[in-house]
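*Asks:* What follows is a predicted structure for the sequence shown.
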Amino acid sequence: MAIDFKAAYERIKAARQRLVELRAARVEELLRLQAYLRETLAEFFNSVDPITGNRFAELALDGNRAHGEISLTIATFAGGRLKISVDSQGHFAHAAVPDVFAGVERILDVRVSPDALAAQMDFVPAGKTRKGVQTVDFAIYVQALIERAIASSEADSADAP
């Protein structure tokens, strides 16, 4: 049986190119998500907590865009964090404290509107298969993170005389 090495090479090359394109598209979507978050949480990023001197929220983009590995992190002054990243294989990863992603097994896609005023996320719910894909407004995860900061602030002020 003769193997067509030229055809095998072309198939490998095409598959790797598709991976590079997928990874680049997902990195671009995270950059668009960064713009959405900057717009949505502008007051948080521009205001300083009078107690700690830290901004109410920080937004960080880390990684190497050229290599397709990038992560986007929102951190609040109250210790909450939400992180979404794209690895070299083009897969999304997620983590949060508190675990606002508790019901998310795997992120499949993130989409931000052209005007960066809305963002949606497709995901496989925990314990489900790919057939159970759900789409949600990304704001629900950001809201849960902000709710924790509110609860922390209100608890601190409730303890004051």
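*Replies:* Structure's in. What do you need?
*Asks:* Asn64 against Ile70, yeah?
*Replies:* Yes - the pair Asn64 and Ile70 qualifies as a contact (C-beta atoms under 8 Å) at a distance of 7.2 Å. For every residue, glycine as well, the C-beta is placed using N, CA and C.
*Asks:* So which of these two has more stuff around it?
*Replies:* Legend: neighbour count by other C-beta atoms under 10 Å for Asn64 and Ile70, higher for Ile70 (22 against 10).
*Asks:* where are the low-confidence patches of this structure?
*Replies:* By pLDDT under 70, the low-scoring segments of the chain are 1-2, 130, 159-161.
*Asks:* Now do the helix ranked longest in the chain: which elements does it pack against?
*Replies:* Assignment by DSSP state H gives helix 5-40 as the longest helix of the chain. For helix 5-40, the contact count by 3 or more C-beta pairs under 8 Å, 6 or more residues apart in numbering; DSSP states H and E identifies strand 57-64, strand 69-76, strand 81-86, strand 104-112, strand 119-125, helix 139-158 as packing neighbours.
*Asks:* quick check: angle from that helix to strand 69-76?
*Replies:* 20 degrees (axes from the mean of the first three to the mean of the last three C-alpha atoms, to 10 degrees).
*Asks:* Contacts only, for the spatially most central residue of the chain.
*Replies:* When the chain is reduced to its mean C-alpha position, the nearest residue by C-alpha atoms, centre = their mean turns out to be Ile84, at 2.9 Å. By C-beta atoms under 8 Å, 6 or more residues apart in numbering, the contact set of Ile84 is 30, 33, 71-72, 92-94, 107, 110.
*Asks:* Neighbour count and distance to Ala7 added to those residues, as CSV?
*Replies:* CSV is the format used below for the contacts of Ile84 (neighbours: other C-beta atoms under 10 Å; distance: C-beta to C-beta, whole Å):
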residue, neighbour count, distance to Ala7
Leu30, 20, 35
Leu33, 20, 39
Ser71, 17, 38
Leu72, 22, 40
Phe92, 20, 32
Ala93, 12, 34
His94, 19, 38
Ile107, 19, 35
Val110, 21, 35
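*Asks:* ok, back up a step: please identify the deepest-packed of the helices and strands packed on helix 5-40.
*Replies:* Among these, the stretch with the highest mean neighbour count (mean count of other C-beta atoms under 10 Å) is strand 81-86, at a mean of 22.
*Asks:* moving C-terminal of that one, what's the next helix or strand?
*Replies:* strand 92-97 (DSSP states H and E).
*Asks:* Fine by me, thanks again.
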